[in-house]
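Q: A predicted structure for the sequence below; I have some questions about it.
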Amino acid sequence: MRKSQKKRIDALLRLIEQAHVQAAKSVRTGKRQDAAAVIEDCQDAAISIGTAIEESEGEDTLTVKYLEKYCETLYSIHEELFTDAEIKIQELTKLLDKAMKQIRTSYNREVRVRKEVVFLPYKASMWDSLESVWRKYNADPAWDAKVVPVPYYDRNPDGSMREYHYEGDQFPKDVPLLHYQEYDLEEIHPDVIYIHNPYDETNYVTSVHPAYYSSKLKEYTDKLVYIPYFVLPEPDLHNQSSIEGVAHFARSPGVFYADEVIVQSENMRRCYIEALVQLAGEDTRKIWEQKIKGTGSPKFDKAADTKKKETELPDEWREKIYRADGSAKKVILYNTGVTALLQESDKMIDKIADTLAFFREKKEDVTLLWRPHPLIKAAISSMRPQLWDAYNRIVEKYLADDIGIYDNSADLYRAIAVADAYYGDGSSVVQLCQSVKMPVMIQNVCVRACENEKKSFWDL
């Protein structure tokens, strides 16, 4: 049983005991009608308690049997109140007290308090940042672990909400999900809430539904925990510019509102603390030191646990990776991110076109696995709408020319498991590839493989 449920039942039991006193007083003063009303309230409360216990602990508890017996006693007393028979107050009180003692003794012995933790991911592709933590809770009999994907919206250039998204159908099949409309956070008040989106209203590309902003979630739990959906290059604590590079992530609303923040390493923890102290003052250092933990990102757990030989591949992937004789081509994971595209815009469009042209000529020996950032289209639509036609044409031609694999799925780790090397923008994916000893090369927007990259891509 949930702690909040037990609190409600404890309160009802106290009310019933107080009602017994009131019922006896009403009988003593001749107000039998009032006593009958109190008895009816006691019955309703007992039925409510019994229903809650059955739902939580099953139907065969001794407590429920005692509650049923108690209701029968109440019924007999209620009937007697409407006769002319003399009611002995002392015997009535003794009878009710005995029933309540049986109920309480059994209740305290049988009803176990279970804590509830709820995970609120919004994008299925970012579930990896919470998954290993959920699995630990899910295996612990002392906890009820729930996963409730929440809706989110793309943003228009003016910041208003645009397209609604709900990705509940894209999570791993072994993760049981609850629809957000069926989980009332305010009523349930879970003991712990985990989130991976810290931005609240400050994200210019997407926004979770405002009901799930960290500032709001803080009201609905005893403990709000934030784990970043990304991992970053390890910072240099002796370099101020390195600290400033992390500051944007450290100073997000989720960090401020969370009771606990879990980052990828002790070194990153110290960087977060320094960035926050520089913002809020030295006298706040103890707050951040207590809040931020450097115990590691679940994304590293996922990367380590996903093995190439155990990964199921779609048939279209196999056709591109394996030759007719069964031998495998080298697979290059080409990752294009949001930041580089927003910063370099037209140059990055040209760079992507150039890269795809280069690998088109190598496709007999190398399979390109292009995996754009899950939010890249939303970012273009919101912040660089003038690039949309050019970017979309590149994607369409890549697919039409069958240059390689286009992976816009939620499963990043399938791509990491099958790849032999990484090429692309700096991002969380770099750190994950490095964690499994994969060779990494960061692309340079100013370097072209072809003399005329636009012609090489569009005209060959």
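A: On my side now, so go ahead.
Q: moving C-terminal from whatever helix or strand residue 23 lives in, which element do we reach first?
A: If you go by DSSP states H and E, residue 23 is part of helix 3-28. Per DSSP H and E, the first helix or strand lying C-terminal to helix 3-28 is helix 32-57.
Q: on contacts alone, who are the packing partners of that following helix?
A: Judged by 3 or more Cβ pairs under 8 Å, 6 or more residues apart in numbering; DSSP states H and E, the packing partners of helix 32-57 are helix 3-28, helix 62-81, helix 89-110. C-beta coordinates here come from the backbone N, C-alpha and C atoms, glycine included.
Q: buried sites along that helix?
A: 32, 34-39, 41-43, 45-46, 49-50, 52-53, 56-57 (16 or more other Cβ atoms under 10 Å).
Q: ditto for stretch 73-87
A: Taking 16+ other Cβ under 10 Å as the neighbour-count basis, stretch 73-87 is seen to contain the buried residues 73-74, 77-78, 80-81.
Q: can you show me the CA trace of it as CSV?
A: Presented in CSV, the C-alpha positions along stretch 73-87 are these (Å, rounded to 0.1, in the frame of the first residue of the first chain):
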residue,chain,number,x,y,z
THR,A,73,-22.1,-5.0,14.3
LEU,A,74,-22.9,-1.5,13.2
TYR,A,75,-25.9,-2.7,11.3
SER,A,76,-27.3,-4.4,14.4
ILE,A,77,-26.7,-1.3,16.5
HIS,A,78,-28.3,0.9,13.8
GLU,A,79,-31.4,-1.3,13.8
GLU,A,80,-31.6,-1.3,17.6
LEU,A,81,-31.6,2.5,17.6
PHE,A,82,-35.0,2.5,16.0
THR,A,83,-36.6,0.3,18.6
ASP,A,84,-37.8,1.0,22.1
ALA,A,85,-35.2,-1.3,23.6
GLU,A,86,-32.9,0.1,26.2
ILE,A,87,-29.3,0.5,24.9
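Q: coming back round to it: looking at the buried residues of stretch 73-87, which is nearest residue 239?
A: Taking Cβ to Cβ as the measure, residue 239 sits nearest to residue 74 out of these, at 73.8 Å.
Q: contacts only, for that closest one.
A: 39, 42-43, 46 (Cβ atoms under 8 Å, 6 or more residues apart in numbering).
Q: what segments of the stretch 251-400 of the chain are strands?
A: Ranges of strands within the stretch 251-400 of the chain are 260-262, 292-293, 330-336, 366-372, based on DSSP state E, counting those that start in this stretch.
Q: partner strands of the first one and their direction?
A: Using DSSP bridges, the strands paired with strand 260-262 are strand 223-226 (parallel), strand 292-293 (parallel).
Q: can you check the third one too?
A: Within its sheet, and counting by DSSP bridges, strand 330-336 is paired with strand 366-372 (parallel), strand 421-424 (parallel).
Q: need the residues that contact the last one.
A: Yep, that's strand 421-424 we're talking about. 330-337, 355, 429-430, 433, 438-443.
Q: just the buried members of those?
A: So, by 16+ other Cβ under 10 Å, the buried ones in the contacts of strand 421-424 are 331-337, 355, 429-430, 433, 438, 440, 443.
Q: redo the residues you listed as TSV? Include distance to residue 297 and pLDDT.
A: Listed next are the buried ones among the contacts of strand 421-424 as TSV, based on distance: Cβ to Cβ, whole Å; pLDDT from 0 to 100:
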residue	distance to residue 297	pLDDT
331	24	96
332	25	96
333	19	97
334	23	97
335	17	94
336	22	94
337	18	89
355	28	94
429	13	90
430	13	92
433	14	91
438	17	93
440	17	94
443	24	93
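Q: tell me the one of the residues you listed nearest residue 19?
A: Lowest distance from residue 19 to the buried ones among the contacts of strand 421-424 (Cβ to Cβ) belongs to residue 429, with 62.4 Å.
Q: ok, now which ones touch that closest one?
A: Counting by Cβ under 8 Å, 6+ apart, residue 429 has contacts 333, 335, 371, 412, 416, 422.
Q: can you rerun that using 6 Å?
A: residue 335 (Cβ atoms under 6 Å, 6 or more residues apart in numbering).
Q: how about residue 111?
A: Applying Cβ under 6 Å, 6+ apart, the residues contacting residue 111 are residue 1.
Q: pop the domain breakdown of the protein in here.
A: 3-110, 115-300, 309-459 (automatic domain parsing).
Q: now find how far off-centre the first one is within its chain.
A: Relative to its chain's centre, domain 3-110 lies at 42 Å (Cα atoms, centre = their mean, to the nearest Å).
Q: do me a favour and get the end-to-end distance for that domain?
A: End-to-end distance of domain 3-110 (Cα to Cα, to the nearest Å): 14 Å.
Q: distance of the residue lying closest to residue 405 once chain neighbours are set aside from residue 189?
A: Closest residue to residue 405 apart from its sequence neighbours, by Cβ to Cβ, 6 or more residues apart in numbering: residue 369 at 4.5 Å. To residue 189, residue 369 is 44 Å away according to Cβ to Cβ, to the nearest Å.
Q: the more surrounded of those two?
A: Neighbour count, other Cβ atoms under 10 Å: between residue 369 and residue 189, residue 369 has more, with 24 against 17.
Q: is it true that the more buried one touches residue 406?
A: No - when contacts are counted by Cβ atoms under 6 Å, residue 369 is not listed as touching residue 406 (8.4 Å).
Q: helix, strand or coil for residue 145?
A: Each residue gets one of three states, and residue 145 gets strand by DSSP: H, G, I helix; E, B strand; the rest coil.
Q: would you mind measuring from the residue nearest to residue 405 to residue 41?
A: 66 Å.
Q: now do the helices in the stretch 201-350 of the chain.
A: Secondary structure of the stretch 201-350 of the chain (DSSP state H, counting those that start in this stretch): helices at 214-217, 240-250, 253-257, 266-280, 285-291, 298-305, 315-321, 338-344, 346-360.
Q: now do the fourth one: distance to the chain's middle.
A: Relative to the mean C-alpha coordinate of its chain, helix 266-280 is positioned 24 Å out (Cα atoms, centre = their mean).
Q: which two among the buried ones among the contacts of strand 421-424 are spaced furthest apart?
A: Within the buried ones among the contacts of strand 421-424, 331 and 337 form the most distant pair, 19.3 Å apart (Cβ to Cβ).
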